[in-house]
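[1] Pasting the sequence and the predicted model now:
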Amino acid sequence: MPTAPIQMYTHALDYLKGWFSPYAIDIAGKMDAAVTADPIYSGRVVCVTSLDADNKTVRFKPGAVGHAMPIFLINGTDQLDVNNYGGTSTTTYWTAIAPAGTLSGLVAIGSYELQTTEFDTTQTYVVNDLLRAVRSDSVSATAGTLTNASVTLYTTLVCGVVSRGKTTNALGQTVLSFWPCYLPGSETTTL
């Protein structure tokens, strides 16, 4: 569902090192129709769950478990290049025609150092803590956020390692710096 615009740095993914290079790995897709959590902000983690009948259009769900490849969203469902909500009245608003709901993200196996606003800020983070992505289709507050809570090596899918910890960036936002990684878990939770 479309939402009112916010400042672009309030929910964001920043690329400290490694992006953009000719060898960068990224992917574009649309949110799965089963996802009711809205919005899914930039900087959150999603995973590929299916392809449309055309075998070209990728579908995402928030979070990642089991053997799913984590994707760190560059743009969120609320951003104008994904969703341009024109309002309900055709006489006082505009008709949104260009955005088609396509999201893009960086694949966790890429060689980057990233920084996100989308993590559990109640936790304490130290260098080399392992990170997982919260899996939820319906809870907007946590769907796709990073946390170091309840990470069990080789059981929980690990999608990041803390690099510099929790800090405040130049825009006054609380952020977590990390290196993405991919260590599959043995979880069998359905995506």
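    On my side now, so go ahead.
[2] So which helix or strand of this protein has the lowest pLDDT on average?
    Lowest on mean pLDDT, DSSP states H and E among the helices and strands of the chain sits strand 13-17, with a mean of 81.
[3] Only the buried residues of that strand, if you could.
    Using 16 or more other C-beta atoms under 10 Å as the test for burial, strand 13-17 gives Leu13, Asp14, Tyr15. (C-beta placed from N, C-alpha, C; glycine too.)
[4] Give me the pLDDT value at Tyr154.
    We have a pLDDT of 93 for Tyr154.
[5] ok, it - how many residues close by?
    10 (other C-beta atoms under 10 Å).
[6] Double-check it against Leu130; I have them as touching.
    No: if you go by C-beta atoms under 8 Å, Tyr154 and Leu130 don't touch, sitting 10.8 Å apart.
[7] Tell me which helix or strand Ser21 sits in.
    According to DSSP states H and E, Ser21 maps onto no helix or strand at all.
[8] ok, it - how many residues close by?
    So Ser21, with other C-beta under 10 Å, has 11 neighbours.
[9] ok, now Thr152?
    12.
[10] related to what we said a few turns ago, ok, of the buried residues of strand 13-17, which one's closest to Thr168?
    For those, the residue nearest Thr168 by C-beta to C-beta is Asp14; the value is 12.9 Å.
[11] Find the residue at the geometric middle of the chain.
    Arg44 (2.4 Å; C-alpha atoms, centre = their mean).
[12] Now that one: closest residue in space that isn't a chain neighbour?
    Spatial nearest neighbour of Arg44, chain neighbours left out: Gly144 (3.3 Å); criterion: C-beta to C-beta, 6 or more residues apart in numbering.
[13] Burial check on the one you found, number of neighbours?
    Gly144: 30 neighbours (other C-beta under 10 Å).
[14] Since that was my last question, I'll sign off now.
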